[in-house]
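> next comes the sequence, and after it the predicted model I'd like to discuss.
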Amino acid sequence: MKLGLFGYGVIGRGVYTLVGELDKSYNSCITKVFDLPIKKDLLGDKLVTDINDIINDDEIEAVVEVLGGHDLPYEVITRCLKKGKSVVTANKEVVSKHLEEFINLAHENNASFCFEASAGGGIPVIRPLIDNIKVNDVNDIYGILNGTTNYILTKMDEEGLSFDDALAQAKINGFAEANPTADLEGLDIVRKINILSSLAFRGNINNDDIYHYGITGINKEILENIKKLGYSLKYVASSKRDGNNCVIRVEPTMVKPTHPFASIKNEFNAVLFTGSTNGDLLFYGKGAGSIPTATAIVSDLVSILENRAYIGYKNERELVVNQNKETNYTYYIVDENNNGVFKENVKDEELLNSKFYARVL
């Protein structure tokens, strides 16, 4: 099978390398790569600078999109699917906004749409979730879904680094972007928990309806106080459905040493599903880095090559997200002097007006 690749950045290079290392029995190769002209020295004749050179190439049966952003990836994905080309993407922004549209387009044009790397980085979580909901009602999801922020909190906790120093180290090690705002404020996690919740709850969710609060307000003194109370601080997405009502939040969260998330450190991520018939399922793996993400992408490609990539999704209900602005959770609320108190039944307004806060699990 001839493949096309949109994007030859950090993830794209990883994909290119891993596809080249696939078993020869798959008889697959990347024949064209879309990127900027400056990549000519790296790609030679395989480089194309017009997306139409891949989209209109009838010999290319499947493509990988790792461009980043929204508008161009959306155009690439929709046009390729309409041409009957299967698509693999890691683009959480586009998938979280257009999941139902992409899957419907794939089905209408006898193609596949795969997006394993869009929600858990290198963790294989999408397909197990899809298979699980065939026999399970999954109504609770918890996730550490961002390698950058988990790495920062781990370094602050274990090495006593300041927030800024931990962030700088994350950038040096390739776990943080030059502009990490989407990670630090939770926007990256919002998109991932949206994808997981939409699949699990069988309904569309708007990113704008998901509550999120960042970790930039944390400092060493607050973290030390949390440790003295017997907790670890993690950045957790939680999603709970009750009928058509959902509470979906992304916020700093305190966990006891006995909680499964307490041992999730550095760039590793984890997703915990609670099913109606099989209880808790925990998935664990690397959530940041070129090769882990590329591995998830190429695994999707292999499922296409082996003709087992079909993903069924049907929007069955109108979900109402975060209708109640007061939660029944317990929170640790920190004032300007870094003093904290535990409170229940707190309104979001009070949380947002604090210096820093963390939910207690």
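Here it is on my side, so go on.
> can we go C-alpha only for contacts and neighbour counts from here?
Noted.
> now do the strands in the stretch 251-361 of the chain.
268-275, 279-286, 320-321, 330-334, 340-344, 356-360 (DSSP state E, counting those that start in this stretch).
> ok, and what's touching the last one?
Outside of strand 356-360, the residues within contact range by Cα atoms under 8 Å, 6 or more residues apart in numbering are 217-218, 233, 251-255, 329-335, 351.
> got the domain boundaries for the chain?
2-115, 126-286+318-360 (automatic domain parsing).
> which of the ones you listed sits closest to residue 302?
Among the domains of the chain, domain 2-115 comes nearest to residue 302, with 8.2 Å by Cα to Cα.
> can I get the strands of the stretch 251-361 of the chain in TSV with mean pLDDT, mean neighbour count and distance to residue 205?
Shown next, in TSV, are the strands of the stretch 251-361 of the chain (pLDDT from 0 to 100; neighbours: other Cα atoms under 10 Å; distance: least, Cα to Cα, whole Å):
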stretch	mean pLDDT	mean neighbour count	distance to residue 205
strand 268-275	94	22	18
strand 279-286	91	16	23
strand 320-321	94	20	8
strand 330-334	97	20	25
strand 340-344	96	14	27
strand 356-360	97	24	23
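> redo those as TSV? Include distance to residue 68.
Shown next, in TSV, are the strands of the stretch 251-361 of the chain (distance: least, Cα to Cα, whole Å):
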stretch	distance to residue 68
strand 268-275	21
strand 279-286	20
strand 320-321	27
strand 330-334	35
strand 340-344	39
strand 356-360	31
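> so what pairs up with residue 246 in the strands?
residue 241, residue 321 (DSSP bridges).
> run a quick neighbour tally on it.
Neighbours of residue 246 under the rule other Cα atoms under 10 Å: 22.
> could you check how far it is from residue 103?
23 Å (Cα to Cα, to the nearest Å).
> just to revisit the earlier point, quick one: closest of the domains of the chain to residue 300.
Closest among the domains of the chain, using Cα to Cα: domain 2-115, at 6.1 Å.
> to residue 170, which of the strands of the stretch 251-361 of the chain lies closest?
Using Cα to Cα, those put strand 268-275 closest to residue 170, at 12.8 Å.
> gap between that closest one and the chain center?
Distance, stretch centre to chain centre, for strand 268-275: 12 Å (Cα atoms, centre = their mean, to the nearest Å).
> please apply the same query to stretch 215-233.
25 Å.
> now it - C-alpha only, PDB.
Extracted in PDB, the C-alpha atoms of stretch 215-233 (Å, rounded to 0.1, in the frame of the first residue of the first chain):
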ATOM      1  CA  ILE A 215      -1.300  24.500  37.100                       C
ATOM      2  CA  THR A 216       0.700  27.800  36.700                       C
ATOM      3  CA  GLY A 217      -0.300  29.000  40.200                       C
ATOM      4  CA  ILE A 218       1.500  26.100  41.900                       C
ATOM      5  CA  ASN A 219       4.700  26.800  43.800                       C
ATOM      6  CA  LYS A 220       7.100  24.800  46.000                       C
ATOM      7  CA  GLU A 221       5.500  25.900  49.300                       C
ATOM      8  CA  ILE A 222       2.000  24.900  48.200                       C
ATOM      9  CA  LEU A 223       3.300  21.600  46.900                       C
ATOM     10  CA  GLU A 224       5.200  21.000  50.200                       C
ATOM     11  CA  ASN A 225       2.000  21.700  52.200                       C
ATOM     12  CA  ILE A 226       0.100  19.200  50.100                       C
ATOM     13  CA  LYS A 227       2.800  16.500  50.700                       C
ATOM     14  CA  LYS A 228       2.600  17.100  54.400                       C
ATOM     15  CA  LEU A 229      -1.100  16.400  54.300                       C
ATOM     16  CA  GLY A 230      -0.300  13.000  52.800                       C
ATOM     17  CA  TYR A 231      -1.200  13.600  49.200                       C
ATOM     18  CA  SER A 232       0.500  13.800  45.700                       C
ATOM     19  CA  LEU A 233      -0.500  16.500  43.300                       C
END
